[in-house]
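*Asks:* Following is a predicted model, sequence given first.
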Amino acid sequence: MVREGILRSERCIRAMLQVKRHLFIDERHAKWAYEDTPLPLGNTGQTISAPHMCAYMLEALEPQLGHNVLEVGGGSGYQAALLAEVVAPSDTPKEMWGRVVTIEILDPLCELAKRNLKRADYSDRVLVVCGDGTLGYPPLEKGGLYDRILITAGGPDVPPPLLEQLKREGILVAPVGGRFTQELIRIRKKKSGELIRERLLPCRFVPLRGRFGWEGI
Ligand code: SAH
């Protein structure tokens, strides 16, 4: 991934090396944990993204030490652990740590994310919330709460509560488009509050559910 230019920053390379993906994968798929492929999450029809996509999203988000991050689509908890390893690295004093909140709408996966993050030792840096992430966290709260927001399920557009909860000078990355294929986009909220939207690359994620996902239409 470094050779291919997907991983570029020292902090993201370190996070990818630090977080053990096999701790986030079902035992029966563990032998593929370090292949560059998405894998099923139990029998839920959801998937953990391929490592190159996780790495790409991590870099695109430009996370920094101390940032507060919201992830929508907790799944296995793997991406949340990567984010935590950048904003709250294991080898940095806790006073400097940022925090990751990850929201998962399917109860069995929410429990899975909690279990996985606990056994990988991220429970003190990642809060797993069960619910509809399109409402943000706390739900429908207004005002900038997060430096970075990542959505890991494909929706029709970016849920408005998430744009509200993004701080000024914050960055949001999300797959947006159709139910089956999307485009990964990045939104930068300027100091003035203006939103600058960039298209990054075509992608394919499981559908975003909930009030501002496909169920709300
Ligand atoms: N980031 C995860 C993979 C995400 S797959 C990982 O690292 O393993 C996308 C996840 O988004 C699925 O688990 C799906 O249940 C969840 N999801 C879909 N719509 C959601 C919503 N509105 N709020 C929270 N989670 C949602």
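*Replies:* That came in fine, so what should we check first?
*Asks:* low-confidence ranges in the protein?
*Replies:* 217 (pLDDT under 70).
*Asks:* need the strands for it, in chain order.
*Replies:* 39-41, 46-48, 68-72, 99-104, 126-130, 146-151, 166-177, 182-189, 195-203 (DSSP state E).
*Asks:* okay if I get those as a markdown table plus mean neighbour count?
*Replies:* (Glycine included, C-beta is placed from N, CA and C.) Shown next, in a markdown table, are the strands of the chain (neighbours: other Cβ atoms under 10 Å):
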| stretch | mean neighbour count |
| --- | --- |
| strand 39-41 | 19 |
| strand 46-48 | 21 |
| strand 68-72 | 26 |
| strand 99-104 | 26 |
| strand 126-130 | 20 |
| strand 146-151 | 25 |
| strand 166-177 | 21 |
| strand 182-189 | 19 |
| strand 195-203 | 12 |
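*Asks:* how about the residues of this structure that lie near the ligand?
*Replies:* With Cβ under 6 Å from any ligand atom as the criterion, the chain meets the ligand at residues 46-49, 72-73, 75-76, 78-79, 103-106, 109, 132-134, 152-153, 206, 208-210, 213.
*Asks:* can you tell me which of the residues you listed are in helices?
*Replies:* Tyr78, Gln79, Leu109 (DSSP state H).
*Asks:* wait, what's in contact with the residue in the chain sticking out farthest from the centre?
*Replies:* Of all residues in the chain, Ser192 has its C-alpha farthest from the mean position, at 25.6 Å, by Cα atoms, centre = their mean. Contact analysis of Ser192 by Cβ atoms under 8 Å, 6 or more residues apart in numbering lists Arg168.
*Asks:* Return the member of the ones in helices among the residues of the chain next to the ligand nearest to Lys118.
*Replies:* Tyr78 (13.5 Å; Cβ to Cβ).
*Asks:* Wait, that closest one touches Phe24, no?
*Replies:* Yes - the criterion here is Cβ atoms under 8 Å, and Tyr78 meets it with Phe24 at 3.9 Å.
*Asks:* Now for these two: what residues contact both?
*Replies:* Contacts common to Tyr78 and Phe24, judged by Cβ under 8 Å, 6+ apart, are Ile48, Asn116.
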